[in-house]
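*Asks:* let me see the structure of the following:
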Amino acid sequence: VQLVESGGGLVLPGGSLRLSCAASGFTFSSYAMSWYRQAPGKGRELVATIGSTTGSTNYANSVKGRFTISRDNAKNTVYLEMNSLKPEDTAVYYCNALGGLGQRLYPWGQGTQVTVSS
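*Replies:* Okay, here's the model as predicted:
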């Protein structure tokens, strides 16, 4: 299994970024997928989740209305569109597949760094 996150960078407050996560080694379309983030000195938190086939989504309150998760099952890729970015969104962002009980299934990838700063 490989999870390869990309698209991070340095952005001004109020700016936007689009993250991608390319997955391989498992049947991507069969699993819900999630984005997580880990800020310096803090634990990893769940940011957004998207269902496997219905495309239903859930978001952490801190990002609701600003972030949008989507997926392309033909490309085995999940995306996170981030708008109106704030300094507190600064973190390393990771993706993972979810099991039936909502548990993370696979080892973490390398993540992609998002830094929001003026």
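*Asks:* run a quick neighbour tally on the closest residue to Tyr106 other than its chain neighbours.
*Replies:* Distance criterion CB to CB, 6 or more residues apart in numbering; nearest residue to Tyr106, sequence neighbours excluded, is Val1 at 4.7 Å. C-beta coordinates here come from the backbone N, C-alpha and C atoms, glycine included. By other CB atoms under 10 Å, 12 other residues sit near Val1.
*Asks:* and Cys21, how many neighbours?
*Replies:* Cys21 has 26 neighbouring residues, counting by other CB under 10 Å.
*Asks:* show me what contacts the nearest residue to it once chain neighbours are set aside?
*Replies:* If you skip the residues right next to it in sequence, Cys21 has Cys95 as its closest partner in space, 3.5 Å away by CB to CB, 6+ apart. Contacts here follow CB atoms under 8 Å, 6 or more residues apart in numbering; on that basis Cys95 touches Leu3, Glu5, Cys21, Ala23, Met33, Ser34, Trp35, Tyr36, Val78, Leu80, Gly109.
*Asks:* for Cys95, helix, strand, or coil?
*Replies:* Reducing the assignment at Cys95 to three states with DSSP: H, G, I helix; E, B strand; the rest coil gives strand.
*Asks:* that one and Trp35, how far apart?
*Replies:* 5 Å (CB to CB, to the nearest Å).
*Asks:* quick check: neighbours shared by those two?
*Replies:* By the contact definition CB under 8 Å, 6+ apart, Cys95 and Trp35 are jointly contacted by Cys21, Val78, Leu80.
*Asks:* output these in CSV, with pLDDT, distance to Arg71 and secondary structure appended to each entry.
*Replies:* As requested, the shared contacts of Cys95 and Trp35 are arranged in CSV below (pLDDT from 0 to 100; distance: CB to CB, whole Å; DSSP: H, G, I helix; E, B strand; the rest coil):
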residue, pLDDT, distance to Arg71, secondary structure
Cys21, 98, 9, strand
Val78, 98, 5, strand
Leu80, 98, 10, strand
